[in-house]
Structures are given as structure tokens and as C-alpha cells.
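# kindly generate the corresponding structure for this input.
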Amino acid sequence: MRASSITVPLRDGEMGAYLAIPDGPPKGAIVAIMEIWGVNDTMRAHAHEFCEAGFVCLVPDLFWRQAPGLELSDTDPADQVRAFDLYFDFDYDLGVRDMEDTTAFLRAHPATNGKVGTVGYCLGGKMGFLMCCRTDIDCAVAYYGTYIEHSIAEAPNLHRPFMLHQALVDAWVPPAVCAFIRRRLSLNPLVEIHGFEGADHAFARHGSPVFDAKHAERALSLSVEFFHRHLD
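Modelled structure (predicted):
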């Protein structure tokens, strides 16, 4: 595996990113879209997980317009305040456009086979949903999918394979919201939804107090199989 910090050209600027490339011939690529904590150790660990499974993985600095290069910790109270300010000021429409440009960058990268999916956590999970509704991404996986319900009117436009991992004791996406999202999305044959009993929000975040190795391993296995199906 080769890993490095790079710059991704966008239509209105440049965005920093972390790129992990497995050894061997060109592979399918995954855009790993961050939570609200920036491109930190957690997101680099996720990139390595997918790279070790055989995919090129790029983690974009989604907050590059607001605070480029920021790395935050979910255990630091000051970082929590900063992260939530960035989160609620974030422009999803510009974010989807940036991810379209990132997808085009990866399709043309010599280490890839031209196929690109995305895996997103929390904020990144909603981004994956929007990309499946608005863009030509090959597929997307969403962990938690915070506030997908606020954009549920876009669900009829979902035209790419989409997998959603729902934590079923998630205060950010409570059970009633999980059930609502399942009801609105599950009739679409492109959608797969997996529930994780007893799992809290961020159950797959390495180092989190609510990290659950059993649930994280299951979600990763499901995600890797899904990506092999659609990106190989």
C-alpha cells in the first residue's frame, strides 16, 4: 500500500485529500467521506481498511472552503464546538459538486479501473445518499446517514446502488427516523438497508467510546462485498 497527502483539482479551487493505493493492477476506487471531524486518524484508518480490501481509497477534505486542513477529535470539548459549527454551516450542494469533481479525478487516475463508489460516515453518509440521487457515482455506502430524512424528497431520483447501515440506538438518527427512512427507501431495488441492534451512532469510529468491534466488522464486511459487486 502507498499512502500520501495530495491535492484534488476542483472547478473552483483545490481540495486537500488523503490517498491510499493498493499494490497491483488498477482497482476500483472509493471516496471515503468524513464525519464532522476532518481528515483525521479515524478517516485514515478507514482508508486503510478499504485499501487492504483491494480498493484505491481517497479521503477528501470536505470542509476545505470553511477550514482547510482541519483535524478534530470527538473527545475534545473545544473541537466538538468547532465541528458542530462547521457541520451546520456546511453547504451540501457545493459538497456534492466537489464530490462529482473528486469522482472525475479518480475515474481518470492511473491506479483505478474507472469505477468509483463512496462510503460516508454521518455527514458523509447523507452525502452518499445525495450522490446516488444526483450524480453518476457507481454506488454508495452510508454509515448512520444523519439527516437523510431532511432530503427524503430526493428519494425518487435515487438511481445508483445504495447501502445504508443504521445504528438502532442512535440519538442522531432515532428509531422512528430509521423506520421512516427504511419505509421510504426500501421499495427501491437498488437500496440495501442493514440494521445494527444495540449499536449507537459512530459504532464504527475507531477510538470512539461507542466503538463496537463486532458491529464494525459486520458493517465493513457487508460494505466490502457490496463494493466488490459494483466496482470490480
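
# buried residues in the helix ranked longest in the chain?
Using DSSP state H, we find that the single longest helix of the chain is helix 213-231. The neighbour-count check on helix 213-231 (16 or more other C-beta atoms under 10 Å) flags 215-216, 218-220, 223-224, 226-227, 230-231 as buried. Bear in mind the C-beta positions are built from the backbone N, C-alpha and C, glycine included.

# ranges for the strands of this protein?
2-10, 13-21, 27-33, 56-60, 112-121, 139-143, 162-167, 191-196 (DSSP state E).

# still on that earlier bit, residues in contact with the longest helix of the chain: which ones?
27-30, 49-50, 53-55, 113, 115-117, 119, 138-139, 141, 143, 161, 163, 165, 167, 192, 194, 196, 198-199, 203-204 (C-beta atoms under 8 Å, 6 or more residues apart in numbering).

# bridging residues for the residue most central in space within the chain?
Of all residues in the chain, the one closest to the mean position by C-alpha atoms, centre = their mean is Gly120, 1.2 Å from it. Counting by DSSP bridges, Gly120 is bridged to Ile33, Ala142.

# same deal with Ile6?
Ala17.

# Val8: which of the buried residues of helix 213-231 is nearest?
Leu231 (19.1 Å; C-beta to C-beta).

# now that closest one: closest residue in space that isn't a chain neighbour?
Nearest in space to Leu231, with sequence neighbours left out and distances taken as C-beta to C-beta, 6 or more residues apart in numbering, is Gly28 at 2.8 Å.

# residue contacts, that neighbour?
54-56, 112-113, 115-117, 138, 227, 230-232.
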